[in-house]
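**Q** sequence and predicted structure, then a few things I'm wondering about:
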Amino acid sequence: MFAFQTSPLDRHGDSRHRPQFIAQRLQKPETRFLPVIKQSIATKVDANQASPMWLDYQQLTAITPHIEDKHLIYLGEYDSCDYFTFRLKSQSAMERLSSLGDKFELTELRQLLKNLPPEQAHICNVAVAIEHWHNTHQHCGVCGHQTFATDAGFVRNCSNQECQTQHFPRTDSAVICAITYEDKLLLGRQQSWPEKLFSVIAGFVEPGETLEQAVTREAFEETGIKINDVRYYGSQPWPFPQSLMIGFTAKAVSEKIDLMDEELEQARWFTREEVNRLVDNEEMFLPFKHSISRTLIDQWLNRNK
Ligand SMILES: [Zn+2]
């Protein structure tokens, strides 16, 4: 199964806007804080394996002496422990983090996934996604003034008294689809991808579209293939940087491929035998194991075998 299907956090959406609630959670000895920056998480490296560097309150204030509650994002509660994240901003904070004792490094969440239990993967996913949102919404999209965080990091308010627009975290909807024709699967690759990597067809939903319309449009624009029987498969939050992948299967009504919009440098039909042989011979690589794209391909490979 693909990553991020477990959602153990109680986000306390009804209470997190209250400063007293957050203050009380901050004082609990079990509460933990995760330093993040962009797509990376502070990790401690033990026996060559990286794991998230969860800090207690004392360690938090040791590395960021001037931190205020408003800099902390409340992720939620899981198993009687409350989790916060914050942005690791300065070089000096990083140096102080190094001095805490454990061997420390910044690791991209994607690299950590294979070692993380599903609950930890989910919490880290929320941390990286919301930190990215804060980082890219420092200014109001309506009037351009600076924004500031409220509601324990789940709202940003415009500082312009005449505007006061509230901004909420957003995700980008993207569709991804395993398109089959008889016993073959349509796989393609973009020029910018690592060599030999192939995947199923994907693209962002455009304004005014249903998800099914987006799948149909993307398939046609990228490969010239018309499809029907579009069926929902599942979804996956994909915080790289802020997508929600919505998976489908569909059947092609024609076989001829035309790379119309040139987004793909290559696309063609593959049989199961071909994919298995090419992968075994390292002549083809499939997407990251924890992704919904890989799961769609693996499921097709195993079916009717
Ligand atoms: Zn504004």
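**A** Great, that's in hand. Here the structure is a predicted model, which is why all the values come from computation and not from measurement.
**Q** around the ion, which positions in the stretch 101-250 of the chain sit nearby?
**A** Cys140, Val142, Cys143, His145, Cys158, Asn160, Cys163, Thr165 (C-beta under 5 Å from the ion). C-beta here means a position set from N, CA and C on the backbone, and glycine is covered the same way.
**Q** which member of these is positioned nearest Lys196?
**A** For these, the closest approach to Lys196 (C-beta to C-beta) belongs to Cys140, at 44.3 Å.
**Q** residue contacts, the closest one?
**A** Gln146, Thr147, Cys158, Ser159, Asn160, Cys163, Thr165, His167 (C-beta atoms under 8 Å, 6 or more residues apart in numbering).
**Q** PyMOL command to pick out the buried ones of the residues you listed?
**A** The following PyMOL line selects those of those that are buried, judged by 16 or more other C-beta atoms under 10 Å:
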select buried, resi 147+158+167
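**Q** what sits against the residue most central in space within the chain?
**A** The centroid of the chain falls nearest to Pro239 when counting by C-alpha atoms, centre = their mean (1.7 Å). Applying C-beta under 8 Å, 6+ apart to Pro239 gives the contacts Gln39, Leu109, Asn125, Val128, Ala129, His132.
**Q** same thing with Glu77?
**A** Leu9, Asp10, His12, Arg25, Tyr83.
**Q** neighbour-wise, give me the winner out of those.
**A** Among the contacts of Glu77, Tyr83 has the most neighbours (other C-beta atoms under 10 Å), with 24 neighbours.
**Q** check it and give its pLDDT.
**A** With respect to pLDDT, Tyr83 scores 97.
**Q** cool, and Asn302?
**A** 86.
**Q** which of the contacts of Glu77 sits closest to the ion?
**A** His12 (27.6 Å; C-beta to the ion).
**Q** strands of the stretch 51-200 of the chain, residue ranges please.
**A** With DSSP state E, counting those that start in this stretch, the ranges of strands along the stretch 51-200 of the chain come out as 73-78, 81-87, 104-108, 147-150, 155-158, 166-167, 172-181, 184-189.
**Q** just say helix, strand or coil for Gln299.
**A** Put simply, Gln299 is helix when judged by DSSP: H, G, I helix; E, B strand; the rest coil.
**Q** what bridges to the residue lying closest to it once chain neighbours are set aside?
**A** Computed as C-beta to C-beta, 6 or more residues apart in numbering, the closest residue to Gln299 that is not its neighbour in sequence is Ala178, at 7.7 Å. Beta-bridge partners recorded for Ala178 (DSSP bridges): Thr249.
**Q** surely Ala178 meets Gly188?
**A** No. Counting by C-beta atoms under 8 Å, Gly188 is not a contact partner of Ala178; they are 12.0 Å apart.
**Q** now the common contact residues for these two.
**A** Common neighbours of Ala178 and Gly188 (C-beta under 8 Å, 6+ apart) are Val200.
**Q** re the thing from before, mind putting the residues of the stretch 101-250 of the chain next to the ion into TSV with pLDDT?
**A** Below are those laid out as TSV (pLDDT from 0 to 100):
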residue	pLDDT
Cys140	98
Val142	98
Cys143	98
His145	98
Cys158	98
Asn160	98
Cys163	98
Thr165	98
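**Q** give me the nearest residue to Thr31, chain neighbours excluded.
**A** Asp82 (4.5 Å).
**Q** number of residues surrounding Leu112?
**A** Neighbours around Leu112, by other C-beta under 10 Å: 20.
**Q** report the beta-bridge partners for the closest residue in space to it that isn't next to it in sequence.
**A** In space, and not counting its chain neighbours, Leu112 is closest to Ala50: 6.1 Å by C-beta to C-beta, 6+ apart. For Ala50, the beta-bridge partners under DSSP bridges are Val45.
**Q** surely Ala50 touches Arg110?
**A** No. Contact status for Ala50 versus Arg110: not in contact, 12.0 Å apart, counting by C-beta under 8 Å.
**Q** straight-line length of stretch 25-32, end to end?
**A** 10 Å (C-alpha to C-alpha, to the nearest Å).
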